[in-house]
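Asker: Using only what follows, build the 3D model:
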Amino acid sequence: LERHFDAETAGRLYNDNVGYYWQYRWFKPGKKEEFNVQLYTTGGMHMFDHVIPDSAYGDSLTRDQAFEKARFYITGTLGFERDEWELMEEKETDRPNRYDYYFEWEEKDFYEKNNLEEKTETSHRISIDIRGSEVAEYHEWIKHPEIWEREYANLRSHNGLLGSIGGFFLNLTGLIIVVVILLRTRKKDVRWKTALTYGGVLAVLFALNSLNRFPETLIWVDSSQSLFTLILSKILYDVILISCVNGFFISLTIAGAEVYYRDQYPAQVAFRNIFTVSGLKTKYFFNSAILGLTLTALFFAYQTLFYLVSNYLGGWSPTEVRNINALGTYIPWVGVLLWGLYPAVSEEGLSRLFSIPFLQKHTKSTFIAVFLSALFWGLAHAGYPAQPFYIRVVEVGLGGIMIGIIFLRFGILPALIWHFTIDAVYGAMILLRSDNAYMFASGLLCAGFFCLPLVYSIISYLKNGGFISSDPLVNALDTEILSEETEKEQDEAIITTDY
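Answerer: Now for the predicted structure:
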């Protein structure tokens with residue numbers, strides 16, 4: 001709708017005629033029959049569906065009997081005015097043990113009611129399914145012309161192409177990381193403890209998020225499964241397998257990226273030391289936290305200005321709809337933490353922690369390293385619906401260059417804090433807009449998560465009379481690999497005489 005109307009009109013059409021709704025489902029595991037209900041947040045009915053097997057027995061009404069039953073329901077039960085709706089489609093289905101009927105109406109004065117001057121093929125529709133003698137399904141929706149959907153799909157295909165190119169380069173980066181790990185593991189030069197810690201934390205968050213979203217799972221899961229099969233498959237696949245795979249991916253990313261970060265930037269605080277107790281007490285952490293949080297505010301301003309200019313020049317981006325399903329989970333803030341931390345660690349690990357030092361070393365050019373890492377990162381974000389199709393590449397790519405420069409000067413920590421906070425604020429927005437005190441407080445804590453270690457750093461500073469030095473924590477001193485001469489000297493120094 002926003003491609004053919006302005007955002008305000010499109011939003012008004014949906015809110016006045018369809019709007020947001022809550023979705024409910026009742027079923028007995030192992031049986032086909034179920035009930036689905038969707039209620040508007042204003043209290044009206046958006047859809048209901050009583051699902052029964054096609055072979056179920058029922059009465060076989062005539063067409064006129066079924067039509068009168070359907071029309072009585074939409075006027076007598078739902079309160080629609082009969083004269084305001086025109087029958088547009090009807091269909092009869094001969095089931096093994098009953099007749100089913102489908103009727104669809106279109107609102108006649110849809111454009112006048114919504115003050116739309118230009119008439120298009122968009123329409124406000126309602127439908128009724130009669131199964132046997134029962135009104136078994138009702139649905140209300142805004143119907144779009146098929147040509148609109150084809151045009152939009154064609155438009156989005158260009159975004160998908162650029163996104164696939166970006167995905168290819170990120171996958172190639174991951175493959176190179178695996179090769180690096182294999183080569184450096186032979187030298188016992190991989191920090192597996194650090195890598196597995198990050199992977200383990202994210203695997204736990206993924207598992208908690210899967211359990212947390214169980215109410216959502218019940219909305220779409222196949223009701224023909226037994227309850228035991230449903231729960232077992234959920235635990236084995238989502239809670240265990242998917243969580244472990246994602247955690248393993250993070251571990252590989254950190255394991256390979258940390259090697260090049262340590263080699264290329266000896267003066268930076270080692271990756272495994274940035275979140276240690278000693279690391280939190282350093283001036284480096286304090287400055288990085290302040291810088292990361294400041295970058296968050298600057299990036300919000302940059303995005304706002306970018307799209308104001310873009311829209312002025314003819315660009316287009318649809319209104320973003322927040323994930324209100326978070327409100328239907330057991331613990332809403334778990335998803336906020338996960339989708340703040342996972343993109344931060346995975347994307348910064350691939351595009352900054354590994355790509356920049358790797359390209360810097362092998363191309364002998366800092367400019368190429370920063371530019372290519374930002375370009376590949378931008379391409380990977382091209383799948384968003386903003387138009388023209390390359391606009392997200394430009395937006396994210398320019399941001400990537402800025403973050404790349406910050407990375408070269410201050411290390412990986414400011415980039416991690418910035419990326420987490422950006423995504424956490426976006427994810428927490430639905431909680432921050434809530435009137436519920438728990439929702440608001442948990443959203444605020446997640447969005448400002450890195451304020452907590454920053455407060456600890458400040459308290460440590462006041463308690464100790466200053467920051468501790470970060471010099472012992474830098475990459476140059478973070479080595480467990482001995483030279484051949486040192487190993488030979490240690491072997492010769494071993495006492496072999498018995499006393």
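
Asker: Quick one: the strands in this protein, in order.
Answerer: 21-27, 34-40, 45-51, 85-95, 98-107, 123-131, 134-143 (DSSP state E).

Asker: doesn't Ile401 make contact with Trp377?
Answerer: No: between Trp377 and Ile401 there is no contact, the gap being 9.7 Å when judged by C-beta atoms under 8 Å. Every residue, glycine included, has its C-beta placed from N, CA and C.

Asker: Those two: which is more packed in?
Answerer: Trp377 (27 against 18; other C-beta atoms under 10 Å).

Asker: And the more buried one, what's its pLDDT?
Answerer: On pLDDT, Trp377 comes in at 97.

Asker: Relative to Gly404, how far out is it?
Answerer: Plainly put, Trp377 is 9 Å away from Gly404 if you go by C-beta to C-beta, to the nearest Å.

Asker: related to what we said a few turns ago, now tabulate the strands of the chain in CSV and tack on distance to Phe214 and mean neighbour count.
Answerer: Shown next, in CSV, are those (distance: least, C-beta to C-beta, whole Å; neighbours: other C-beta atoms under 10 Å):
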stretch, distance to Phe214, mean neighbour count
strand 21-27, 13, 15
strand 34-40, 17, 16
strand 45-51, 21, 17
strand 85-95, 34, 13
strand 98-107, 33, 20
strand 123-131, 30, 21
strand 134-143, 26, 17
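
Asker: and those strands as JSON lines, adding distance to Val345 and mean pLDDT?
Answerer: Formatted as JSON lines, the strands of the chain follow (distance: least, C-beta to C-beta, whole Å; pLDDT from 0 to 100):
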{"stretch": "strand 21-27", "distance to Val345": "32", "mean pLDDT": "90"}
{"stretch": "strand 34-40", "distance to Val345": "37", "mean pLDDT": "92"}
{"stretch": "strand 45-51", "distance to Val345": "39", "mean pLDDT": "93"}
{"stretch": "strand 85-95", "distance to Val345": "51", "mean pLDDT": "94"}
{"stretch": "strand 98-107", "distance to Val345": "49", "mean pLDDT": "95"}
{"stretch": "strand 123-131", "distance to Val345": "45", "mean pLDDT": "94"}
{"stretch": "strand 134-143", "distance to Val345": "40", "mean pLDDT": "93"}
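
Asker: who touches the closest residue in space to Asp100 that isn't next to it in sequence in this structure?
Answerer: Counting by C-beta to C-beta, 6 or more residues apart in numbering, Thr93 is the residue found nearest to Asp100 once chain neighbours are left out, at 4.3 Å. If a contact means C-beta atoms under 8 Å, 6 or more residues apart in numbering, then Thr93 has Tyr99, Asp100, Tyr101, Tyr102 as its contacts.

Asker: One more: Phe5?
Answerer: Applying C-beta under 8 Å, 6+ apart, the residues near Phe5 are Leu13, Leu116.

Asker: how far away is it from Glu118?
Answerer: Distance of Phe5 to Glu118, computed by C-beta to C-beta: 9 Å.

Asker: before we move on, what about Glu8?
Answerer: For Glu8 relative to Glu118 (C-beta to C-beta), the value is 15 Å.

Asker: between the two, who's got more neighbours?
Answerer: Neighbours per residue, other C-beta under 10 Å: of Glu8 and Glu118, the larger number sits with Glu8, 10 against 7.

Asker: Can you give me the distance of that one to Glu2?
Answerer: Using C-beta to C-beta, we find Glu8 at a distance of 10 Å from Glu2.

Asker: Report the buried residues of the top helix by length along the chain.
Answerer: The helix that spans the most residues within the chain, counting by DSSP state H, is helix 146-185. When neighbours are counted by 16 or more other C-beta atoms under 10 Å, the buried residues of helix 146-185 are found to be 156, 159, 162-163, 165-167, 169-170, 173-174, 177, 180-181, 184.

Asker: again with stretch 461-478
Answerer: Here stretch 461-478 shows Tyr461, Phe467, Ile468, Ser470, Leu473, Val474, Asn475, Asp478 as buried, counting by 16+ other C-beta under 10 Å.

Asker: could you list every residue that touches the closest residue to Leu379 other than its chain neighbours?
Answerer: Excluding the flanking residues, the one nearest Leu379 by C-beta to C-beta, 6+ apart is Gly166, at 2.9 Å. If you count contacts by C-beta under 8 Å, 6+ apart, Gly166 has them with Phe376, Trp377, Gly378, Leu379, Ala380, His381, Ala382, Val393.

Asker: Please apply the same query to Ile165.
Answerer: Contacts of Ile165 by C-beta under 8 Å, 6+ apart are Leu379, Ala382.

Asker: How much space separates it from Asn36?
Answerer: Distance, Ile165 to Asn36, by C-beta to C-beta: 40 Å.

Asker: cool, and Phe271?
Answerer: 49 Å.

Asker: Repeat that for Leu230.
Answerer: Leu230 is 17 Å from Asn36, by C-beta to C-beta.

Asker: How about Ile231?
Answerer: Ile231 is 21 Å from Asn36, where distance means C-beta to C-beta.

Asker: can you tell me how far the closest residue in space to Tyr40 that isn't next to it in sequence sits from Tyr456?
Answerer: Closest residue to Tyr40 apart from its sequence neighbours, by C-beta to C-beta, 6+ apart: Tyr21 at 4.9 Å. Distance, Tyr21 to Tyr456, using C-beta to C-beta: 43 Å.

Asker: can you pull up the bridge partners for Glu134?
Answerer: Here Glu134 sits in beta bridges with Arg131, as judged by DSSP bridges.

Asker: Quick check: Glu137 touching Ile126?
Answerer: No: if you go by C-beta under 8 Å, Glu137 and Ile126 don't touch, sitting 11.1 Å apart.

Asker: ok, the residue nearest the centre of the chain - contacts?
Answerer: Compute the mean C-alpha point of the chain, and by C-alpha atoms, centre = their mean the closest residue is Trp339, 6.1 Å away. Counting by C-beta under 8 Å, 6+ apart, Trp339 touches Asp423, Ala424, Gly427.

Asker: just those residues now: which is nearest Ala289?
Answerer: Ala424 (14.2 Å; C-beta to C-beta).
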